[in-house]
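A.B. asks: using only what follows, build the 3D model:
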Amino acid sequence: MMDKVARNDASEAINNIIDAVSRHLVENVELQKKIYSMTLGTLKTSNEKLWHTICLRLGKVHLEQHNYLELDDLLQVLKKSCLKK
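C.D. replies: As a prediction, the model looks like this:
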């Protein structure tokens, strides 16, 4: 068995899982947000590019639900992350 998985393969697998979750939880936005948040907590230090992608997906959920305060908070986190580089 392989000890390591290529970053692109891991990113693709996580994206596929997140896509499937999003499709199946269309009616349960709160659970979607919880899953995105849990994923984000794990990815911040291990895969920053995927972390940004998931943040954008979560932002889209906030926008679609008209949760502008949560969206603004997330945008502030994204902005800080981009300024650190």
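A.B. asks: for this structure, just list every one of the helices.
C.D. replies: All helices of the chain, identified by DSSP state H, fall at 7-24, 29-43, 48-64, 68-83.
A.B. asks: using JSON lines, lay out these together with mean pLDDT.
C.D. replies: Shown next, in JSON lines, are the helices of the chain (pLDDT from 0 to 100):
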{"stretch": "helix 7-24", "mean pLDDT": "83"}
{"stretch": "helix 29-43", "mean pLDDT": "84"}
{"stretch": "helix 48-64", "mean pLDDT": "89"}
{"stretch": "helix 68-83", "mean pLDDT": "93"}
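A.B. asks: dump those to a markdown table, plus mean neighbour count.
C.D. replies: For the C-beta atoms, the positions are set from N, CA and C on the backbone; glycine is no exception. As requested, the helices of the chain are exported to a markdown table (neighbours: other C-beta atoms under 10 Å):
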| stretch | mean neighbour count |
| --- | --- |
| helix 7-24 | 13 |
| helix 29-43 | 15 |
| helix 48-64 | 16 |
| helix 68-83 | 13 |
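A.B. asks: what residues are up against residue 81?
C.D. replies: Contact partners of residue 81, counting by C-beta atoms under 8 Å, 6 or more residues apart in numbering, are 48, 51, 52.
A.B. asks: now do the contacts for the residue nearest to the second one when sequence neighbours are not counted.
C.D. replies: Which is residue 51. Spatial nearest neighbour of residue 51, chain neighbours left out: residue 43 (4.1 Å); criterion: C-beta to C-beta, 6 or more residues apart in numbering. Each residue near residue 43 by C-beta under 8 Å, 6+ apart is listed here: 14, 50, 51, 54.
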